[in-house]
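# just coords:
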């Protein structure tokens, strides 16, 4: 099917809506569910539906016939990956979790044929009084109740590899409207009015960015979709590219039209093979349908999209480094100005937008800026997707209106902390963000509030930490990440992150002094102020926020040599239980620093001053006589 | 799959490299994609080929070498037939990815500083995030993601692949 005009497209969409299958079995095929065996579940459904004659795709519009038939549909991420593979039955909105191939028969028999719910496969919770509460319907599930799915509207409900499914949900209608009714200035005006801000983390107004690039005169311009989601702990963009690739393409074409570009690139990180595969399929289908390429919908507008795969470098998420990488160079950043909007890819004006930003665009055009502003807050309108992970009950992909509090996000949507543990902190914004303690739980999640607290929105990684997590070790972990990802171009970042990492290592090894702590803070401020690009400028954030909100824990490590979370191995002590020791001498023989001594028939003793806490003796002892004690404050 | 020893691969003509260069129009803007495809073919980037690519693209060997060493994906040493990537992203890290890595390395008998088994069957890497954090800790073998992992499951998965490799 190739659409020559807008009315062709509209007519086709109208016919799709009429034949839309009302009864659908949706099987999540996101990376998470696939890892849990979703493919076997999907195949089993196909077999059983075929055997039962329930798989006929109906194009008739007669209720009575349609009712008996089910369309099987592989989808993108449904959100709550931990409970995968997930299956959803429409139109009832029944959701099943942890579905195995052997459960399929029962679902077909009970739910599809009789409309009954298979309770053993639904989301449930044991209430404090011992009763079990089931949540068979999506609309009742607390995980979904506070979510507003604008960007993820199609994620988990359509087959991402099928263009018709996207079209049936008014896909490419925004593009059609833009090309036939709106001037580029109108488009920019509408996006400005909507107040959409960059979802990659910085929060720069998207409309303004487009306007800058629009104003520059040049023979060629480019738009780039930044899918280099490198933050550890973030996977929202992956889900979006995997689950609704056409929305990203449509947004990119509209951006191209607005600034006057005819070429777009999608830069995807190497670790996302499934996203690349689905984007490629989407691009191919869009070309065939006349929604990409020459003379789109007969308007004379031309636009081409290419995919560039990254090769593993976090710094390439930074605009100027990403441009260098697309040009085939080392992905090193360049000083700004000139900004990419003036001089970007191959020296031409370039706009770079995050995946999520672009996926918002078609919806804003279709429903208008006012509609978009009805979600979120005045300064941060709309919604934000988050990857909710760590020690939280419901880990997965969520989308909430801006301005929701961290407490609602973690305790209502996320279901609270796993295993009845205590909440300790939430790490927001990845290696460039910060750790916020309990006192900030009622902070509204929007660009400005988070900035004020020393964290950043970031692209949306949200890692929940409980009392078993050592804050200092987490800070060290982030620093080791940014240190190894520093490209080495500017001195403050290259050397500063290295020194900060060394000091943090000293702290977790129990060898640091209070002077080290002061030096750490001083270095952090220099790196923040003097680095060339965003990577270095934000790298100290995890250290600075933890120093600000969890200084006591640093002091415990530095002064008392105690790790309250019992994580840092150097804060342990090994003792020999004289009751159990048979004086065999094995421990003394394996000890690399010869700090265990003893005589035959007398229990051996470890010299605590010399012990390096390697644990060799613990593993060697055949009688379990070695006990590990965590140091506590005061018992040194 | 045909097993290529590095020496054998090098002994071959540059036919395949030429085809890759041709496909990308001898354009140095496509250098990263070119290197990715070469690495797909040879499982690493042999030095001779890097020099050859530089000449063909009319850039200096230092330029190509610079790109090849900048990105984590590229390896100048032969890689194993199967790439095991243990995720050490934030979510995996707080859920014990280090134990998984230790178990994998121990099972394969890798010494410190070694990432590839002597029989070139496995290469073990850590990555900053696979993006499947909800299943943390995760591990990917080639392009298949597994999770949540513990030491025992990691060993089982590798054993499984070893068995399959013996058969093929």
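It's in. On a predicted model such as this, the values are computed, not experimentally measured, just so you know.
# Tell me who's in contact with residue A:555.
With contact set as Cβ atoms under 8 Å, 6 or more residues apart in numbering or on different chains, residue A:555 has no partners. In short, each C-beta sits where N, CA and C put it, glycine included.
# how much space between it and chain B?
Distance of residue A:555 to chain B, computed by Cβ to the nearest Cβ, to the nearest Å: 22 Å.
# hang on, that residue is in a strand, isn't it?
No: applying DSSP: H, G, I helix; E, B strand; the rest coil, one finds residue A:555 to be helix, outside a strand.
# Residue 96: how many residues sit nearby?
This is for chain A. Residue A:96 is flanked by 26 other residues according to other Cβ atoms under 10 Å in any protein chain shown.
# wrong one, chain B
Applying other Cβ under 10 Å, we find 15 residues neighbouring residue B:96.
# And for the one 3 residues further on?
In terms of burial, residue B:99 registers 14 neighbours under the definition other Cβ under 10 Å.
# contact partners of stretch A:400-420?
Stretch A:400-420 is contacted from outside by A:142-143, A:145-148, A:375-377, A:380-384, A:386, A:388, A:391-395, A:398, A:423, A:426, A:428, A:436, A:440-446, A:462, A:464, A:466, using Cβ under 8 Å, 6+ apart.
# and the end-to-end length of it?
Stretch A:400-420 has an end-to-end distance of 25 Å (criterion: Cα to Cα, to the nearest Å).
# Can you flag the buried ones in the contacts of stretch A:400-420?
When the contacts of stretch A:400-420 are checked for burial by 16 or more other Cβ atoms under 10 Å in any protein chain shown, the buried set is A:142-143, A:147-148, A:375-377, A:380-384, A:386, A:388, A:391-395, A:398, A:423, A:426, A:428, A:436, A:440-441, A:443-446, A:462, A:464, A:466.
# Can you say which helix or strand has residue 49 in it?
Going with chain A. helix A:38-51 (DSSP states H and E).
# please go with chain B instead
Using DSSP H and E, residue B:49 sits within helix B:47-57.
# avg pLDDT for that helix?
Here helix B:47-57 scores 94 as its mean pLDDT.
# Could you do stretch A:594-602 as well?
Here stretch A:594-602 scores 90 as its mean pLDDT.
# Just the buried residues of it, please?
By 16+ other Cβ under 10 Å, the buried positions in stretch A:594-602 come out as A:595-596, A:598.
# Over to stretch B:98-116?
Buried, per 16+ other Cβ under 10 Å, within stretch B:98-116: B:100-101, B:103-105, B:107-108, B:110, B:115-116.
# can it be found next to chain A?
No: Stretch B:98-116 does not reach chain A (Cβ under 8 Å from any Cβ of the partner chain); its nearest approach is 10.1 Å.
# picking that back up, who's in contact with the helix holding residue A:49?
Residues outside helix A:38-51 that contact it (Cβ under 8 Å, 6+ apart): A:25, A:27-29, A:55, A:70, A:72, A:74, A:84-87, A:99-101, A:103-105, A:108.
# Tell me the buried residues in it?
Buried residues in helix A:38-51, counted by 16+ other Cβ under 10 Å: A:38, A:41-42, A:44-46, A:48-49.
# where do the helices sit along chain B?
Along chain B, the segments classed as helices by DSSP state H run B:6-11, B:15-23, B:31-42, B:47-57, B:61-70, B:90-94, B:97-108, B:151-167.
# So for the shortest one, what gets flagged as buried?
So that's helix B:90-94. Using 16+ other Cβ under 10 Å as the test for burial, helix B:90-94 gives B:90-94.
# Report the mean per-residue pLDDT for it.
Rounded mean pLDDT across helix B:90-94 is 83.
# Can you spell out the domain ranges of the chain, please?
Picked chain A for this. According to automatic domain parsing, chain A comprises the domains A:19-140, A:163-373, A:383-469, A:472-560, A:571-630.
# that's the wrong chain, I wanted chain B
Taking automatic domain parsing as the domain assignment, the ranges for chain B are B:6-70, B:82-167.
# would CSV of those with distance to residue A:92 be doable?
Converted to CSV, these look like this (distance: least, Cβ to Cβ, whole Å):
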stretch, distance to residue A:92
domain B:6-70, 45
domain B:82-167, 25
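# Check those domains for me and report the most buried one.
When the domains of chain B are scored by mean count of other Cβ atoms under 10 Å in any protein chain shown, the highest mean neighbour count falls to domain B:82-167 (a mean of 19).
# Please name the nearest non-neighbouring residue to residue 101.
Defaulting to chain A. residue A:44 (4.1 Å; Cβ to Cβ, 6 or more residues apart in numbering or on different chains).
# was after chain B, sorry
Residue B:101's closest residue in space is residue B:86 (Cβ to Cβ, 6+ apart), at 4.5 Å.
# Is it correct that the one you found is in contact with residue B:103?
No: look at residue B:86 against residue B:103 with Cβ atoms under 8 Å: they stay out of range, at 9.4 Å.
# List only buried entries from the contacts of helix A:38-51.
Among the contacts of helix A:38-51, those classed as buried by 16+ other Cβ under 10 Å are A:25, A:27-29, A:55, A:70, A:72, A:74, A:84-87, A:99, A:101, A:103-104, A:108.
# ok, the residue nearest to residue A:108 when sequence neighbours are not counted to residue A:54 distance?
Excluding the flanking residues, the one nearest residue A:108 by Cβ to Cβ, 6+ apart is residue A:48, at 5.0 Å. Applying Cβ to Cβ, to the nearest Å, the value for residue A:48 to residue A:54 is 8 Å.
# Kindly report the same for residue B:162.
Applying Cβ to Cβ to residue B:162 and residue A:54 gives a distance of 41 Å.
# Residue B:65 now?
59 Å.
# sorry, back to before: overlap in contacts of residue A:48 and residue A:54?
By Cβ under 8 Å, 6+ apart, residue A:48 and residue A:54 have these common neighbours: residue A:108.
# And the residue of the stretch 501-636 of chain A closest to chain B?
Closest to chain B within the stretch 501-636 of chain A is residue A:567: 9.4 Å, counting by Cβ to the nearest Cβ.
# That residue and residue A:474 touch, don't they?
No: shown here, residue A:567 and residue A:474 do not form a contact pair, counting by Cβ under 8 Å, at 9.1 Å.
# Please say which of the two ends up with more neighbours.
Under the criterion of other Cβ under 10 Å, the comparison of residue A:567 against residue A:474 puts residue A:474 first, with 24 against 17.
# Check that one and give its pLDDT.
For residue A:474, the pLDDT comes out at 93.
# how close does it sit to residue B:113?
From residue A:474 across to residue B:113, the span is 27 Å (Cβ to Cβ).
# what bridges to residue A:381?
As for beta bridges, residue A:381 partners with residue A:376 under DSSP bridges.
# That one against residue A:370, yeah?
No: at 10.1 Å, residue A:381 and residue A:370 do not qualify as touching, with contact defined as Cβ under 8 Å.
# Let me know the helix or strand that residue A:26 is in.
Here residue A:26 sits within strand A:24-28, counting by DSSP H and E.
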